[in-house]
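K.L.:
Sequence first, then the predicted structure:
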Amino acid sequence: MSRGLSPTGELDIVLPAGRFERFADGTMRTTLADGSEVMAVAGASATDVARAECLGYDGDTDRMSLDHELVHLLLANWLGLPEPPTYRGIVEAKTGGTWWSGWRKEEAAVLAIQALAREVGVDIVALAKRATEKGTA
C-alpha cells in the first residue's frame, strides 16, 4: 500500500485546479471546475515499468501514475492556472478540438518534478493532502 492512501487505495483530494479521485480499482478521475473529467489508469507495459524505474519508483507504475496525475494539478496551482492546460486539451480533443500545443512541455515538467521528488524523498500524495488541508497548493 502506498503511503497516504486508505487501506483500499482510495483517495479524494480537492485542489484549486481540480478534484482528484482514486478508486479502489486503481482508476483515477480528475474533475475540472466546469465538471469535465479526465480519466486515467496505471499502465503496465514494459515502457511504463521502465519509466517508473527511471523516475525512481522501483517499477511501481501504480504509484508513478498516481503521483503523475497529482503533479499535473499541483503544477497548475503553483503556476496560478485555473486547471492543467494538458487536461483542458484532453477534454477539448474528446469533443473534436485539438490538443494543447504545449502539452509536451507540461509533461516534461511533471516528470521532472516526479523524479526530483523521489530523489529528495518528497511524498507527492502527502504534499497534495497538506495543500488541501491548508487550502493552498
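P.N.:
Nice, I can see it.
K.L.:
all strands of the protein, in order?
P.N.:
Per DSSP state E, the chain carries strands over the ranges 11-15, 18-22, 28-31, 37-40.
K.L.:
Please work out the average pLDDT along the second one.
P.N.:
Meaning strand 18-22. For strand 18-22, mean pLDDT is 97.
K.L.:
Kindly provide the distance from the one residue sitting closest to the centre of the chain to Val91.
P.N.:
When C-alpha atoms, centre = their mean is applied to the chain, the residue found nearest the centroid is Glu69 (1.0 Å). Plainly put, Glu69 is 15 Å away from Val91 if you go by C-beta to C-beta, to the nearest Å. Any C-beta I mention is one placed from the backbone N, CA and C, and that applies to glycine too.
K.L.:
re earlier: return the most buried member of the strands of the chain.
P.N.:
For the strands of the chain, the largest average neighbour count (mean count of other C-beta atoms under 10 Å) is found in strand 18-22, namely a mean of 21.
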